[in-house]
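Engineer: using only what follows, build the 3D model:
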Amino acid sequence: MLHHLNVVPVAPSRVVVIGAGGFVGAAVAERLTQAGVPVLRLTRAEVGLLAPDAADRLAAHLRDGDSVVAAAAIAPCKTVAMLTDNAVLTLALVTALSRVALAHVVNIGSDAVFIDQTVPLTEDSPKAPDSLHGVMHLAREIAFHSTVTAPLAILRPTLIYGADDPHNGYGPNQFRRKANRGEDVTLFGEGEERRDHIAVDDVAEIVCRVLTHRSTGDLNLATGVVTSFRAIATLAVGLAGAGRVIGSPRTGPMPHNGYRAFDIAAIAKAFPGFAPLPLAQGMAMAQAAEFPKG
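Structural biologist: Here you go, the predicted model:
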């Protein structure tokens, strides 16, 4: 749950977005810029977080009173080597952040830290990841809590979609792109798994609100609605006006036992009036942005 240090929203004096070249970091930086907030965008070009002097170089970019969004990670984390690199990256982050009198720190994490459940997940659900990606994010949360002394918010988005996503993972982004190339969308099994997907613009909006409220604590970022992958593929084919949705033999168990839902009461409590984009509307917006007609 979040606690607002600013009951009335106040724009930060400056926000440093670490990982501003990535999908989420870029969206956050753009949303803040639109709101008139001064933003320093840091990418690999400015600070390579795996370099031996990464902490020193990052700290040199920071100044007292800054708010920081930590959106840099090697993700999805699929191998032990990637897990090790993420540990090195996290060490550089928390070391640098602990050297400056920051106003606020926001860490972009992941819902992968949670154990699978048959009921909607909340911020208090047990954290017992069974994937390297989840282990990485849980270790990162612990590192931030144990090292960063500034007011800290941990945000845990579920699956994120939107235009220009570079990961192209199984789901809305990949399905749209296949359909727009006129290709069939082939599902794992019959695509019966039900998952929550959140638009990257909604993630950026919530991050902006967390910064202006100088919120502390943790918050899961989701819509509260689960949709089957078959339904998502059908939406993608409809938007493109091409392709077919095809099932295939399933070769392994369904991830998360085929169900991963969220109770978003904490979002409603923290930010009354905020309404996440429905999946169909968000996918249509991403389609228009990535594949404009005419």
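
Engineer: what are the ranges of the helices in the stretch 51-200 of the chain?
Structural biologist: Ranges of helices in the stretch 51-200 of the chain, per DSSP state H, counting those that start in this stretch, are 54-61, 80-97, 132-147, 172-180, 200-213.

Engineer: could those go into a markdown table alongside distance to residue 13, mean pLDDT and mean neighbour count?
Structural biologist: All C-beta spots, glycine's among them, are computed from the backbone N, C-alpha and C. Listed next are those as a markdown table, based on distance: least, C-beta to C-beta, whole Å; pLDDT from 0 to 100; neighbours: other C-beta atoms under 10 Å:
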| stretch | distance to residue 13 | mean pLDDT | mean neighbour count |
| --- | --- | --- | --- |
| helix 54-61 | 15 | 98 | 18 |
| helix 80-97 | 17 | 98 | 19 |
| helix 132-147 | 22 | 98 | 19 |
| helix 172-180 | 35 | 96 | 23 |
| helix 200-213 | 11 | 98 | 22 |
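
Engineer: the strands in the stretch 151-294 of the chain, which residues?
Structural biologist: Secondary structure of the stretch 151-294 of the chain (DSSP state E, counting those that start in this stretch): strands at 152-157, 159-161, 185-186, 194-195, 197-199, 215-221, 227-228, 245-246, 259-260.

Engineer: most neighbours per residue, which of these?
Structural biologist: With neighbours defined by mean count of other C-beta atoms under 10 Å, none of the strands of the stretch 151-294 of the chain is more surrounded on average than strand 197-199, at a mean of 25.

Engineer: partners of it, with directions?
Structural biologist: strand 159-161 (parallel) (DSSP bridges).

Engineer: just the residues contacting the partner strand, thanks.
Structural biologist: 23-24, 169, 171-173, 195-200, 203, 282-283, 286 (C-beta atoms under 8 Å, 6 or more residues apart in numbering).

Engineer: what of stretch 163-182?
Structural biologist: So stretch 163-182 is in contact with 22-23, 75-76, 159, 161-162, 184-185, 188, 195, 197, 200, 229, 232-233, 235-237, 239-240, 242-243, 279, 282-283, 285-287, 289-291, going by C-beta under 8 Å, 6+ apart.

Engineer: who are the contact partners of residue 104?
Structural biologist: 12, 67-68, 150-153, 211, 214.

Engineer: may I see the ChimeraX selection of the buried members of the contacts of stretch 163-182?
Structural biologist: The ChimeraX selection below is limited to those of the contacts of stretch 163-182 classed as buried (16 or more other C-beta atoms under 10 Å):
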select :22,23,75,159,161,162,185,188,195,197,200,229,232,233,235,236,237,239,240,243,279,282,283,286,287
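
Engineer: out of the helices of the stretch 51-200 of the chain, nearest to residue 32?
Structural biologist: helix 200-213 (6.0 Å; C-beta to C-beta).

Engineer: that closest one versus strand 152-157: what angle between them?
Structural biologist: Counting by axes from the mean of the first three to the mean of the last three C-alpha atoms, to 10 degrees, helix 200-213 lies at 170 degrees to strand 152-157.

Engineer: off-centre distance for helix 200-213?
Structural biologist: 11 Å (C-alpha atoms, centre = their mean, to the nearest Å).

Engineer: with stretch 50-59 instead?
Structural biologist: 24 Å.

Engineer: re earlier: out of the helices of the stretch 51-200 of the chain, flag the one nearest residue 36.
Structural biologist: helix 200-213 (11.1 Å).

Engineer: relative to helix 172-180, how tilted is that closest one?
Structural biologist: 150 degrees.

Engineer: returning to that earlier point: make JSON lines from the helices of the stretch 51-200 of the chain and add distance to residue 28 to it.
Structural biologist: Converted to JSON lines, the helices of the stretch 51-200 of the chain look like this (distance: least, C-beta to C-beta, whole Å):
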{"stretch": "helix 54-61", "distance to residue 28": "17"}
{"stretch": "helix 80-97", "distance to residue 28": "16"}
{"stretch": "helix 132-147", "distance to residue 28": "17"}
{"stretch": "helix 172-180", "distance to residue 28": "18"}
{"stretch": "helix 200-213", "distance to residue 28": "5"}
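
Engineer: give me the below-cutoff pLDDT ranges for the stretch 101-250 of the chain.
Structural biologist: Low-confidence regions of the stretch 101-250 of the chain, defined here as pLDDT under 70, do not occur.

Engineer: am I right that residue 3 falls within a helix?
Structural biologist: No - counting by DSSP: H, G, I helix; E, B strand; the rest coil, residue 3 is not part of a helix but strand.

Engineer: from memory residue 47 sits against residue 54, does it?
Structural biologist: Yes - counting by C-beta atoms under 8 Å, residue 54 is a contact partner of residue 47 at 6.2 Å.
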